[in-house]
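Q: this one's sequence-less:
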């Protein structure tokens, strides 16, 4: 039985980490910490666990592993401290707010010999796993381009403290906006689907609509429009948006020489393949999680498998390549040029 500590008791901990740990027979939640001590205490009481008053107190508890579910700015520091304490770590995305910190996290995992897994849950979705298999076996022929989107109405509708005061809009805590919140998912996903890495990035990040509690535009991006040039020569677009005030869009289209694969592009089928001949194939595998429809992400089960195997299924070293592309997109937008990796 793995004894788990939860650091950060916000929405992601409440709707994914805690329920999925409770559903896994090999884990027990032992301790919790949150800046909001009342929230941590209430959750701890409901779980028959301990509420800690500091990160240090939690890291000194009798634990095997921790979930880091805090705001973006503290991911790296807490993760590295936990690894140095001899704990295995599951860290939420984005991995870090600076490339140097992300690299330090990966190095700390190597030096400690502990497991560090990053919660890039879209890789684990059954539909995405099946799509990768179909692409790899050539169902649409050689891949030429792609279009991938993650767009919803914004974190202020979902945060544990809903409204314009959400930490996602606070540049000090979030540091980055939609690009890091949603864009990291799709950046990591396209690398996974194509078994390919990003070679060049052209991007435009902007704040188009979101305003803070004082009515002024937020200091982080609410939209990111990115062109990725992959090492294989494939070129495609990635859009991340907090200003989709209609139905959430989590779709990906892969264009090949022999047809098009549409992933989560329609409510009827999770995968639709339209061949050049006009023939259509459908695969109904697994629905995508949305803010309004939370299902098991598979992250905790993957983390437990990683603990048993002593090897992260979604490693820091691998996700580091996705983070490099995210930081390159930010730099590209700032410098108004393509950035090569």
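A: In hand now; what should we look at? As the structure is a prediction and not an experimental result, all values here were calculated from the model.

Q: now residue 57, nearest residue through space, not along the chain?
A: Computed as C-beta to C-beta, 6 or more residues apart in numbering, the closest residue to residue 57 that is not its neighbour in sequence is residue 33, at 7.2 Å. Every C-beta, even on glycine, is put in place using the N, C-alpha and C of the backbone.

Q: can you pull the buried residues of stretch 38-56?
A: Neighbour-count burial for stretch 38-56 flags 39-41, 43-44, 47, 49-52, 55 (criterion: 16 or more other C-beta atoms under 10 Å).

Q: swap in stretch 257-264?
A: 259-264.

Q: with stretch 214-230 instead?
A: Those would be 218, 220-230, for stretch 214-230 by 16+ other C-beta under 10 Å.

Q: now do stretch 97-112
A: For stretch 97-112, the neighbour count (16+ other C-beta under 10 Å) marks 97, 99, 101-106, 108-109, 112 as buried.

Q: mind putting these in CSV, pLDDT, secondary structure and distance to residue 331 included?
A: Converted to CSV, the buried residues of stretch 97-112 look like this (pLDDT from 0 to 100; DSSP: H, G, I helix; E, B strand; the rest coil; distance: C-beta to C-beta, whole Å):
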residue, pLDDT, secondary structure, distance to residue 331
97, 97, coil, 14
99, 97, helix, 10
101, 98, helix, 16
102, 98, helix, 14
103, 98, helix, 16
104, 98, helix, 19
105, 98, helix, 20
106, 98, helix, 20
108, 98, helix, 25
109, 98, helix, 25
112, 97, helix, 30
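
Q: and of the residues you listed, the nearest to residue 303?
A: Distance to residue 303 across those (C-beta to C-beta) is lowest for residue 109, with 13.6 Å.

Q: which ones are touching the closest one?
A: 83, 89, 115-116, 312, 315-316 (C-beta atoms under 8 Å, 6 or more residues apart in numbering).

Q: which non-adjacent residue is nearest it?
A: Nearest to residue 109 is residue 116, by C-beta to C-beta, 6+ apart, at 3.7 Å.

Q: number of nearby residues for that neighbour?
A: For residue 116, the count of nearby residues is 28 (other C-beta atoms under 10 Å).

Q: again, but for the one 5 residues further on
A: Other residues within reach of residue 121 by the criterion other C-beta under 10 Å amount to 22.

Q: quick check, it in contact with residue 300.
A: No - using C-beta atoms under 8 Å, residue 121 is not in contact with residue 300, being 9.9 Å away.

Q: anything in contact with each of these two?
A: residue 16.

Q: run through the strands of the stretch 1-150 of the chain in chain order.
A: Under the criterion DSSP state E, counting those that start in this stretch, the stretch 1-150 of the chain contains strands at 2-7, 27-33, 50-51, 65-68, 88-91, 116-118, 143-151.
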